[in-house]
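J.: Need coordinates for the below:
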Amino acid sequence: MTTNKPFVIAERCSSSPRPSSPMRHGRRLTSWTTTGTTGATGATGATGATGATGATGLLAALAVVGALGAGCDATAHVGKNPGSGSSVRVLPSAHAPLTATSKLDLLFMIDDSQSMVPLQRGMRTRLANFMDVLKNLPGGLPDIHVAVVSSSLGAGIYANVQGCTPNSEGNLNGEFQHSATCTALHTGSSYLSSSKAADGTQVNNFDGDITDVFSCIANLGDRGCGYEHQLEATRLSLERAMSAGDTNAGFLREDAYLAIVMLTNEDDCSVPPNSTLFDPAQHTVSDSLGGLQSYRCNEFGHLCDGQSPPHDVASLPQTFMSCVSNETPTGRLVHVNDFIDFLFGLKPSHPEKIFVAAMAGPTTPYVVEANVVETGVGMESQPAIRHSCTGGTSGVEYADPAVRIRQMVSAFGPNSYFGNICADDFGPTMQSIAQVMVAP
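T.: Numbers count the residues shown, from 1 in each chain. This next block holds a predicted model:
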């Protein structure tokens, strides 16, 4: 078994004290509010429905996605323009191709909300397309860690939101998932590990083929929270991996490549743990938060054509051409830029060693329409986001515009991939993700 170097996360620099950040799992999350221009970021020019590799359609747009603040030392501007106080994010260069001697920490973030079972199945049945790319490297599989995390992280301060209650499948707190039925994973392990000993023999913490065991731990089901925290759950899982004694500990290695792959059919709706966005006492359009539906994540998490999506149905249906994450004070979700900065901070000297991919809904069309729902006191017409794609062999699989997720993925330039989750066959996309991960 290879010896892991101790992992240390780089501190951000600032000319002023860091704002207080929320606590999760007994630790303080690294959370900073960025400033600067945000209106040009996002999915304009994206080709989300085609699953094209990389982020070439967004390179110009990503020239302005927020600054860390004036007064920082130039060496700390990971993923930023090295000029002090710059508001320009610089895309990392492509990393060198992986080989059998490379170290790779691979994290799959899997949405486990309702409707995800067929999509999870589509991914799991094509994991071989992904893993075979790694197995077929000259010399074979790299020194690899594989972990799975759920998108379920509860509903802010509320413990009574259906499907999102504490100590349930609706709030898995960033812990790596491995069902008790996955008996091939050795007792006491929370992620897969495969490496070569000095004599060339394979050292695994599981029995059988890695693809089969990976498929087992990736079978999360659909009993998770409907307010998906894709970004925050990923961040929390990695922070836990840096905490000695945690069940996630040991996954992250300082000298390894880090690859994150997200599978989800809704956009990120990450909020701080003290958020009141999911107040279950508000459930009609006359309430300030509107209906208790996923649309809250759109209304308070996106800016479309420079404004928040509509609160009522008077002007619907309405099509928007350019939507981005709302990083202004009116936004109530955690900032995409904070998550990007967090990831770059994991590899401050080698930002090119971070790869991010997603299979999610294309960002267009972005249409808000009226939908009649039961509010608990009667039926009411409320705004809802129209699915941006449908598909699957049964024709009932769907996804919504993944504006925030696409914006996050694009920040990693050539070391990124965005694919359409509505594809009838996940095989080509799974293979392409692995190919770009191995050799951008």
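J.: can you pull the contacts of G140?
T.: Applying CB atoms under 8 Å, 6 or more residues apart in numbering, we find G140 in contact with A100. C-beta coordinates here come from the backbone N, C-alpha and C atoms, glycine included.
J.: Tell me how far it lies from I210.
T.: 11 Å (CB to CB, to the nearest Å).
J.: same deal with L343?
T.: On the measure of CB to CB, L343 and I210 end up 25 Å apart.
J.: can you check I144 too?
T.: For I144, the distance to I210 - CB to CB - is 8 Å.
J.: Now for the two: what residues contact both?
T.: 192, 194.
J.: Show me the helices in the stretch 301-440 of the chain, by range?
T.: 336-346, 403-410, 427-438 (DSSP state H, counting those that start in this stretch).
J.: so which of those helices comes closest to P118?
T.: With distances scored as CB to CB, the stretch of the helices of the stretch 301-440 of the chain nearest to P118 is helix 427-438 (15.2 Å).
J.: got the buried residues for the closest one?
T.: Using 16 or more other CB atoms under 10 Å as the test for burial, helix 427-438 gives 427, 429-434, 436-438.
J.: list the contacts for T330?
T.: T330 neighbours (CB under 8 Å, 6+ apart): 300, 308.
J.: right, and T234 touches I110 too?
T.: No. Using CB atoms under 8 Å, T234 is not in contact with I110; the gap is 10.7 Å.
J.: what residues do those two have in common as contacts?
T.: Joint contacts of T234 and I110 (CB under 8 Å, 6+ apart) are 149, 262.
J.: ok, the residue sitting furthest away from the middle of the chain to A155 distance?
T.: For the chain, the largest distance from the centre (CA atoms, centre = their mean) belongs to D199, which lies 37.8 Å off. Distance from D199 to A155, counting by CB to CB: 51 Å.
J.: before we move on, what SS does D212 have?
T.: helix (DSSP: H, G, I helix; E, B strand; the rest coil).
J.: In space, what's closest to it - neighbours in sequence excluded?
T.: In this structure, D212 finds its nearest non-sequential neighbour in A184, 7.1 Å apart by CB to CB, 6 or more residues apart in numbering.
J.: For the one you found, what are phi and psi?
T.: Taking degrees, to the nearest 10, you get phi -70, psi -20 for the backbone angles of A184.
J.: C297 belongs to a helix?
T.: Yes. C297: assigned to a helix according to three-state DSSP.
J.: Could I get the contacting residues of it?
T.: With CB under 8 Å, 6+ apart, C297 has these contacts: 227, 266-269, 333.
J.: Could you dump those residues into JSON lines with secondary structure, neighbour count and distance to G221 added?
T.: Converted to JSON lines, those look like this (DSSP: H, G, I helix; E, B strand; the rest coil; neighbours: other CB atoms under 10 Å; distance: CB to CB, whole Å):
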{"residue": "Y227", "secondary structure": "coil", "neighbour count": "28", "distance to G221": "17"}
{"residue": "E266", "secondary structure": "coil", "neighbour count": "27", "distance to G221": "16"}
{"residue": "D267", "secondary structure": "coil", "neighbour count": "29", "distance to G221": "21"}
{"residue": "D268", "secondary structure": "coil", "neighbour count": "32", "distance to G221": "20"}
{"residue": "C269", "secondary structure": "coil", "neighbour count": "28", "distance to G221": "19"}
{"residue": "L333", "secondary structure": "coil", "neighbour count": "25", "distance to G221": "25"}
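J.: Looking at those, which one is closest to A94?
T.: Among those, and counting by CB to CB, the member closest to A94 is D268, at 25.5 Å.
J.: Next up, the contacts around the closest one.
T.: Counting by CB under 8 Å, 6+ apart, D268 has contacts 228-232, 297, 301, 333, 336, 402, 404-405, 408.
J.: State the three-state secondary structure for N265.
T.: N265 - assigned by three-state DSSP - is coil.
J.: what about the chain, any weak spots by pLDDT?
T.: Where the chain drops to pLDDT under 70, the residues are 1-88, 392-395.
J.: 50 - rerun?
T.: Along the chain, the model assigns pLDDT under 50 to residues 1-78, 81-86.
J.: From what I see, G290 and L277 are in contact.
T.: No. Using CB under 8 Å, G290 makes no contact with L277, being 10.5 Å away.
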